[in-house]
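In: I'd like to go over a predicted model; first the sequence, then the structure.
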Amino acid sequence: MGINRDFESVDFFNIDEILTDEQKLIRNSVRDFVSREISPNIEEWFENNHFPIEIVKKMGNSGIFGPTVNEKYGGGGLDYISYGLIMQELERGDSGMRSTASVQSSLVMYPIEAYGSEEQKKKYLPKLASGEILGCFGLTEPDYGSDPGGMVSKLKDEGNYYILNGSKMWISNSPEADIAIVWAKDENKRIKGIIVEKGMEGFSAPKTEGKLSLRSSLTGELVFNNVKIPKENILPNKDGLGAPLGCLDKARYGISWGAIGVAMDCYDSAKKYSLERKQFGKPIASFQLIQKKLAEMLTEITKAQLLCWRLGKLMDSGKAKSSHISLAKRNNVEIALKIARDARQIHGGMGITNDFPMMRHMMNLESVITYEGTHDIHLLILGNEITGISAFS
Ligand code: TGC
Ligand code: FAD
């Protein structure tokens, strides 16, 4: 058995029946991509803390980047359920791989399409869609994580150009990124989006070392030391904190689907192992305590699938609220972590090795439950929605 086992999807409530043929085709093609390009290599990449840069072009060629972006800019022109299914399959492979795609699609392509000028869209979107270039998104700063509105990165108007100073921390893809969507305050304390290009003088992106999670994904800083920014590199069509938070809504939505992929992978492995592994003369699957774990996993996966499907419909009709997305991200990442832990227990000692995916998924999920808004921040967003009272400040 082990990591190269054939994955069997989980569909207890026959959700395939409510997916369109196109959605199933897309899901199956990304599932094949993951089985071919990611699963056979992922344990080695994770162990060696290696980001396989060649995966970016492969993802681009497979239509993984910018699925909801307009086709005239090289995007897929797809609906949000298709986007979610892509994320589910990628994260079944590895959260770090899904991270690479989340950042490129939701945090780099989305703001350029939604807030950018026509020239910016034409210049960057086709190259990002094909994987010719890689992007990153700089919101978090060393002293401002959950509270991004406090950021201190500064943009100073010098007439024909701006000067950018400051730094960003914990930035996925940054050491290899060709462009960075960076958020900084102008002299009126208004948050603006800026397209910073690799090679601009005074700009560097050092790698963050020592991560025990998302080891197949690159994380780094963004450092700006008097970087000269041409005026045409500012995203002109939206500013204020709502601009980066609008991007986060799209990425958080993708994560809520991605977490289902992890949960399905762990459940599938646990079910197969428990049917094969014998103790006390019979398969451990015959013991009630093992069955309880499996039954609860299946229940939570099914609830999460239905939640995401409905959320996808709300996204498509433009009725999804940020608090809907918070509920789904928070719930699905939490259940995925619990399923990963229970699945690991079902594997006994074998579960701590990299013959099986649970430990890697568990370690990855510690980042996933922290980034894009921590578990508790999403709870407070829901508390605010319910009571009308913000508990942040
Ligand atoms: P608050 O006063 O509530 O809101 C400020 C302005 O923003 C608007 N807004 C939103 N707009 C769009 N989408 C949302 N989700 C929004 N949430 C709020 C709001 O209407 C307001 O607009 P305006 O026009 O009135 O000014 O802001 P606050 O300062 O009290 O903080 C709110 C809070 C805590 C919800 C927010 O700051 C937050 O979500 N914090 C968590 C930070 C976070 O998620 N960071 C993620 C960084 S990126 C990342 O982690 C990428 S990992 C990717 C990967 O590798 O996969
Ligand atoms: P803090 O905000 O310092 O929070 C610490 C603890 O305090 C948490 O438990 C939090 O829930 C709690 N807390 C904070 N405020 C409150 C409150 N009001 N009430 C109750 N509890 C509270 N950022 C980017 O901009 N771009 C990226 O690409 C990116 N990629 C990332 C990749 C990885 C691997 C990681 C780990 C992070 C990444 N991040 C990225 C940053 C991520 O979004 C932040 O780590 C996250 O938002 C939390 O911020 P923080 O780490 O500063 O924690």
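Out: Okay, I see it. Ligands and ions are numbered 1, 2, ... in the order given.

In: pLDDT weak spots in this structure?
Out: Counting by pLDDT under 70, the chain has low-confidence residues at 1-5.

In: what about the longest helix in it?
Out: Criterion DSSP state H: the longest helix present in the chain is helix 242-276.

In: could you pull out the strands for the stretch 101-250 of the chain?
Out: 135-138, 154-157, 161-172, 179-185, 191-197, 203-204, 219-230 (DSSP state E, counting those that start in this stretch).

In: Quick one: closest of those to ligand 2.
Out: In terms of CB to the nearest ligand atom, the element of those nearest to ligand 2 is strand 161-172, at 3.6 Å. Heads up, the C-betas are built off the backbone N, CA and C, glycines and all.

In: List the buried residues of the closest one.
Out: The neighbour-count check on strand 161-172 (16 or more other CB atoms under 10 Å) flags 162, 163, 164, 165, 166, 167, 168, 169, 170, 171, 172 as buried.

In: From those residues, pick the one nearest residue 186.
Out: Distance to residue 186 across the buried residues of strand 161-172 (CB to CB) is lowest for residue 162, with 7.9 Å.

In: Beta-bridge partners for that closest one, please?
Out: Per DSSP bridges, the residues bridged to residue 162 are residue 157, residue 229.

In: Who are the contact partners of whichever residue of the stretch 51-200 of the chain sits closest to ligand 2?
Out: Taking CB to the nearest ligand atom as the measure, the stretch 51-200 of the chain has residue 145 as its residue closest to ligand 2, at 1.8 Å. Residue 145 makes contacts with residue 170, as judged by CB atoms under 8 Å, 6 or more residues apart in numbering.

In: What of residue 205?
Out: Neighbour list for residue 205: 136, 171, 174, 175, 177, 180, 198, 220, 221, 222, 223 [criterion: CB under 8 Å, 6+ apart].

In: burial of the third one, as a residue count?
Out: Going back to what we said before, that points to residue 174. By other CB atoms under 10 Å, 28 other residues sit near residue 174.

In: what sits against it?
Out: 136, 138, 168, 180, 205, 207, 218, 219, 220, 221, 222.

In: Is it possible to mark the buried ones in the residues you listed?
Out: For the contacts of residue 174, a neighbour count by 16+ other CB under 10 Å gives the buried set as 136, 138, 168, 180, 205, 218, 219, 220, 221, 222.

In: With residue 216 as the reference, measure out to residue 51.
Out: 6 Å (CB to CB, to the nearest Å).

In: who has more neighbours, those two?
Out: Shown here are residue 51 and residue 216; by other CB under 10 Å, residue 216 has more neighbours (27 against 23).

In: need the residues of the stretch 201-350 of the chain near ligand 2, please.
Out: 214, 219 (CB under 6 Å from any ligand atom).

In: how about 8 Å then?
Out: By CB under 8 Å from any ligand atom, the residues of the stretch 201-350 of the chain that approach ligand 2 are 211, 213, 214, 217, 219.

In: Wait, the last one touches residue 176, no?
Out: So that's residue 219. No - Residue 219 is beyond contact range of residue 176, at 10.8 Å (criterion: CB atoms under 8 Å).

In: rewinding a little: out of the contacts of residue 205, the closest to residue 366 would be?
Out: Among the contacts of residue 205, and counting by CB to CB, the member closest to residue 366 is residue 171, at 17.8 Å.

In: Quick one: name the residues of the stretch 1-150 of the chain near ligand 2.
Out: So the stretch 1-150 of the chain meets ligand 2 at 99, 103, 107, 136-140, 144-148 (CB under 8 Å from any ligand atom).

In: again, only using 5 Å
Out: Within reach of ligand 2 by CB under 5 Å from any ligand atom, the stretch 1-150 of the chain has these residues: 137, 139, 140, 145, 146.

In: And the buried residues of strand 161-172, which two are furthest apart?
Out: By the measure CB to CB, 163 and 172 form the most distant pair in those, at 26.0 Å.

In: Output the set of residues of the stretch 101-250 of the chain in proximity to ligand 1.
Out: 102, 139, 140, 146, 149, 172, 240, 241, 242, 245, 246, 249.

In: Just confirm the last one contacts residue 325, I think it does.
Out: Yes - under the criterion of CB under 8 Å, residue 249 lies in contact with residue 325, with a separation of 5.3 Å.

In: related to what we said a few turns ago, could you flag which of the residues of the stretch 1-150 of the chain next to ligand 2 are buried?
Out: Buried, going by 16+ other CB under 10 Å: 137, 139, 140, 145, out of these.

In: Out of the buried residues of strand 161-172, flag the one nearest to ligand 1.
Out: If you rank those by distance to ligand 1 using CB to the nearest ligand atom, residue 172 comes first, at 3.4 Å.

In: Residue 325: how many residues sit nearby?
Out: For residue 325, using other CB under 10 Å, the count is 26.

In: Angles on the backbone of it, please.
Out: For residue 325, the backbone dihedrals (degrees, to the nearest 10) come out as phi -70, psi -40.

In: what residues go with each domain of this protein?
Out: 15-134, 136-233, 242-387 (automatic domain parsing).
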